[in-house]
Structures are given as C-alpha cells and as structure tokens.
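Colleague: Give me a model of this one.
(one chain, ligands or ions: 1)
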Amino acid sequence: MLYYEYMKNNIENFPKGFLWGAATSAYQIEGGLTNDWSEWEKSPSRIAELEALGHDPREYQSGLASNSWDHFEADISCLKQIKASVYRFSIEWSRVEPEEGKFDEEAIVKYRHFIQRLKEEGIEPFVTLWHWTSPLWLRDKGNWENKQAVECFRRYTAKMVQSLPEVTFWMTLNEPNIFVGKSYIEGTFPPQKKNPLLYLRVYRHLIKAHQVSYQTIKSYNKNAQVGVVTDNIFFDAKDILSKFSAMVIRWWWNRSFLNKVKNNLDFIGLNFYFHHLLKNGFPRPGDNERVSDMGWELYPWGIKPVIQELSRYQKPIYITENGLADEHDINRAWYITEVIKSIKEAIAEGADVRGYMHWSLLDNFEWALGFTKKFGLFSVDRNTWQRTARPSAAVYAEIVKNNIN
Ligand code: BGC
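Modeller: Alright, predicted model coming up:
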C-alpha cells in the first residue's frame with residue numbers, strides 16, 4: 001500500500017456520483033451457451049488448427065465458462081468486495097431468443113431478477129445488448145453480412161427494453177471495430193473470412209443496427225441512456241509523416257463509427273487497451289517495457305489523450321473496459337492506479353468522464369485464446385467455481401472507497 005499512499009492525491013476526489021465498478025460479457029462468463037462461437041469452437045477445422053499448434057482444444061471451448069449463470073450471487077459478492085456502484089455485463093442473445101422470434105421468458109426473468117438484485121445492492125446495471133455472439137438461426141442467415149440482421153436486432157432490442165424496465169444504461173454493440181477487424185480482415189474470429197468487402201458491409205450493418213436499436217430503446221423508455229462501446233487506441237506520433245498518418249488512422253479507427261452514430265448517442269462507452277507508436281508513418285506496438293500476459297504493452301497514460309480525442313463529441317464518457325491479463329497480479333495494481341491518475345487528469349482538464357469499469361471482474365473465456373489468459377480482479381476455480389480476490393482487487397477497492405462521496 002506504500003505506492004498507494006504516495007499516489008493518493010492523484011487518484012482521489014473524483015467528481016460526485018462518478019461510477020466505479022467492473023465489466024464482463026455473457027459468453028465469456030455465463031456458460032452453457034449454444035451460439036455461433038460455441039459451434040465454431042467445436043468445428044473440425046478449429047480443432048485441427050489448435051492441435052497443430054500443440055494446444056488442448058478443450059481449453060478453447062467456452063463450455064461452462066465461469067459458470068456465472070448459476071453463480072450470479074457469487075458475482076454480486078465480488079462486486080461488493082470492490083465496493084462497486086456499477087456493473088457492466090451483457091445479455092446473451094442466443095439464450096433469450098434461441099429460435100427466431102421465440103423468446104425464452106424464463107431466461108429473461110432470470111436476467112431481470114439479477115438486475116433487481118444489483119439495484120438492491122446499490123449497483124447500477126450497464127447492459128450491453130450484443131457482445132460479439134449471435135444465435136445460430138442468425139448465423140445460418142449469414143449473421144451481420146445479411147442486412148436482415150438489423151431488423152432481427154431491432155426485434156431483440158424491443159423485447160429486452162420492454163422486459164427489463166429497471167435498466168437505464170444500455171449499450172447497443174460492443175466494439176464493432178474490433179469485431180469486423182478480427183472476423184473479416186485478420187480472420188481469427190468466426191467466420192474467419194478475410195474479405196475487405198464483407199468487412200465494409202458488416203460495418204455498415206452494425207452502424208444501422210446501432211441507429212435502429214437506439215431509436216427503439218428510446219421509444220420504449222424515455223429515461224434510457226443509450227451508448228455504443230468503442231475500442232480506441234492512442235496513436236502516438238512523433239515525426240511529421242507519422243503525425244499526418246495518425247490523423248487518418250485516428251479518424252478511421254477511433255472515430256468513423258462514432259461519426260456515423262453521433263446523432264443517436266447519449267454517451268460513449270470507451271474501452272482502452274492499446275498504445276501504438278507511429279514511425280515513418282506506420283503504426284507499430286509501443287515499446288514500454290512492461291507487458292501483460294497477452295504480450296500487450298502496458299501504457300496506462302494513453303487513456304488521457306484517447307479521452308481527450310473523444311471530448312469533441314460533447315457526450316458523457318464512461319470507461320466501459322480497461323484492464324490486463326495478469327495471472328500473477330504483478331502489474332494490475334500499478335496499472336489501475338496509473339490509469340485512474342490519467343483519467344483524473346483528463347477530467348481536471350475538462351473531459352466529462354463519469355465512470356470506470358475495470359475489465360474484468362472475473363477470470364473468463366478470452367475468445368480465441370480460450371481460458372489461457374486471466375483478466376480477473378478475481379480468479380475462478382473451474383472445478384468448484386470459487387471466486388478468489390487477487391491482491392490488486394483490494395487496492396482497487398481502497399481507491400473506490402476513498403472516492404465514495
Ligand atoms: C473485449 C473483451 C475482451 C477484452 C480483452 C475487449 O476488446 O470487449 O471481450 O475480453 O478486450 O481482450
């Protein structure tokens with residue numbers, strides 16, 4: 001705690017009502033799901049790909065994940081341990097609409113009960129409608145490649161907003177930029193296509209989906225606050241050529257989606273993980289010595305310029321994800337403290353940041369990397385489902401406690 005004492009002045013006295021908490025997504029924690037991802041994980045080509053790399057394919061199948069569907073109360077007690085006033089999680093579309101147009105009322109009631117429990121505990125639910133996974137019936141129609149997906153998303157949105165009236169904060173989509181990049185350029189996420197035309201087509205449909213979903217939520221709940229979640233990068237340029245290319249890259253990566261949806265937006269959800277250095281016009285990963293278990297450079301101070309870039313939209317900003325894979329908890333407390341210091345600086349210089357949700361509350365299923373990476377403030381024993389706080393969770397709780405006003 002020595003370091004914390006030293007940092008105190010820089011990480012306290014956040015604005016009144018600032019929300020503190022953590023984030024997860026349904027497919028990564030709930031378990032027991034059947035959707036486009038679960039079927040892809042079990043496909044012969046995926047299994048062969050993993051075996052060729054010497055990996056055990058079972059570690060790359062979400063299965064029961066962190067078993068949160070049956071351990072909601074345990075997750076709530078983790079939130080209470082960090083003194084959370086907000087929890088970001090997502091609804092799993094394939095669970096609530098397993099067949100097209102037929103909703104599973106029991107599952108919806110269970111989500112509602114969970115939301116009510118959060119509220120009883122003084123924790124504001126921040127609900128994402130789509131965090132990358134789709135029901136099989138939508139996959140079979142081509143998922144987001146098919147423009148009908150927009151209408152399907154509208155119908156799902158309408159059902160959720162009507163069924164979950166306690167929710168004020170809705171997020172339509174999680175990181176459309178990452179999803180299209182990984183699924184249609186890099187080819188590491190299903191459907192593993194490398195096709196720039198499909199990339200643009202899916203991107204266009206996601207823009208439309210956000211707009212339609214925004215209008216739908218507002219039509220059923222006048223008090224709702226609706227945002228989208230974007231993954232923005234600090235593109236750091238020193239030489240003249242790089243400054244120019246950084247302007248173009250920032251416009252495309254950080255702002256092109258927001259520019260299209262800014263008239264249908266009450267807040268921006270910002271996920272921050274990356275710092276890219278540009279040299280001679282080309283981006284490359286930054287070279288700070290500290291890295292996470294993902295091999296990602298740790299550059300917590302990058303959050304400040306990224307927040308400042310978003311201030312042009314004049315919308316409230318919530319940090320909806322920020323964190324690191326750090327199984328042995330070597331860097332997490334330092335990283336959280338530095339990030340919070342940078343957010344405070346951004347606020348002091350005029351940015352309207354209203355909350356911070358650490359990624360992640362729990363160890364969970366890290367997509368194409370399976371269970372190998374541990375982002376949690378809490379580790380999860382995948383035999384007993386016991387959640388155990390890592391030491392950094394106590395540091396975060398201390399920061400939150402000292403900022404409750
Ligand atoms: C995603 C999360 C993911 C995290 C770490 C974010 O881009 O929204 O689902 O686990 O990054 O990779």
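Colleague: How confident was the prediction at the residue nearest to residue 388 when sequence neighbours are not counted?
Modeller: Leaving aside its sequence neighbours, residue 388 sits nearest to residue 379 (C-beta to C-beta, 6 or more residues apart in numbering; 5.1 Å). All C-beta atoms are positioned from the backbone trio N, CA, C, and that covers glycine. Note on residue 379: pLDDT of 98.
Colleague: Setting the sequence-adjacent residues aside, check what's closest to residue 319.
Modeller: The shortest distance from residue 319 to any non-neighbouring residue, by C-beta to C-beta, 6+ apart, is to residue 356 (4.6 Å).
Colleague: Specify the local secondary structure of that neighbour.
Modeller: Look at residue 356: counting by DSSP: H, G, I helix; E, B strand; the rest coil, its state is strand.
Colleague: what do you get for residue 242?
Modeller: Three-state assignment for residue 242 (three-state DSSP): helix.
Colleague: One more: residue 159?
Modeller: Put simply, residue 159 is helix when judged by three-state DSSP.
Colleague: who touches it in this structure?
Modeller: Listed by C-beta atoms under 8 Å, 6 or more residues apart in numbering, the contact partners of residue 159 are 96-97, 103, 108.
Colleague: chain center to the helix or strand hosting residue 111: distance?
Modeller: For residue 111, the element it lies in under DSSP states H and E is helix 105-120. Averaging C-alpha positions (C-alpha atoms, centre = their mean, to the nearest Å) puts helix 105-120 21 Å from its chain's average.
Colleague: mean confidence for it?
Modeller: 98.
Colleague: Could you list every helix and strand in contact with that helix?
Modeller: On a contact count with 3 or more C-beta pairs under 8 Å, 6 or more residues apart in numbering; DSSP states H and E, helix 105-120 meets helix 72-81, helix 93-96, strand 124-130, helix 148-163.
Colleague: Let me have these in CSV, adding mean pLDDT and distance to the ligand as columns.
Modeller: Output for these, formatted as CSV (pLDDT from 0 to 100; distance: least, C-beta to the nearest ligand atom, whole Å):
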stretch, mean pLDDT, distance to the ligand
helix 72-81, 98, 16
helix 93-96, 98, 15
strand 124-130, 99, 9
helix 148-163, 98, 18
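Colleague: Helix, strand, or coil at residue 392?
Modeller: Classification of residue 392 by three-state DSSP places it in helix.
Colleague: one step back: for the residue nearest to residue 388, give me its contacts.
Modeller: With C-beta under 8 Å, 6+ apart as the criterion, the residues that contact residue 379 are 327, 362-363, 387-388, 390.
Colleague: again, but for residue 212
Modeller: Counting by C-beta under 8 Å, 6+ apart, residue 212 has contacts 150-151, 153-154, 157.
Colleague: Would you mind checking those for buried ones?
Modeller: Buried by 16 or more other C-beta atoms under 10 Å: 150, 153-154, 157, out of these.
Colleague: Out of the contacts of residue 379, grab the one that's most surrounded.
Modeller: The most crowded member of the contacts of residue 379, judged by other C-beta atoms under 10 Å, is residue 363 (26 neighbours).
Colleague: quick one: that one and residue 377 touch, right?
Modeller: No. At 9.2 Å, residue 363 and residue 377 do not qualify as touching, with contact defined as C-beta atoms under 8 Å.
Colleague: How about the residues of the chain by the ligand?
Modeller: Counting by C-beta under 6 Å from any ligand atom, the chain comes close to the ligand at 25, 28, 174-175, 178, 231, 271, 321, 359, 366.
Colleague: What about residue 352, how many residues nearby?
Modeller: For residue 352, the count of nearby residues is 18 (other C-beta under 10 Å).
Colleague: where does it sit relative to residue 308, distance-wise?
Modeller: For residue 352, the distance to residue 308 (C-beta to C-beta, to the nearest Å) stands at 11 Å.
Colleague: Equivalent analysis for residue 134, please.
Modeller: As judged by C-beta to C-beta, residue 134 and residue 308 stand 34 Å apart.
Colleague: Mind checking which of these two has more residues around it?
Modeller: A side-by-side neighbour count of residue 134 and residue 308, using other C-beta under 10 Å, places residue 134 first with 21 against 14.
Colleague: Let me see the contact set for that one.
Modeller: 35-36, 93-94, 143-144, 149.
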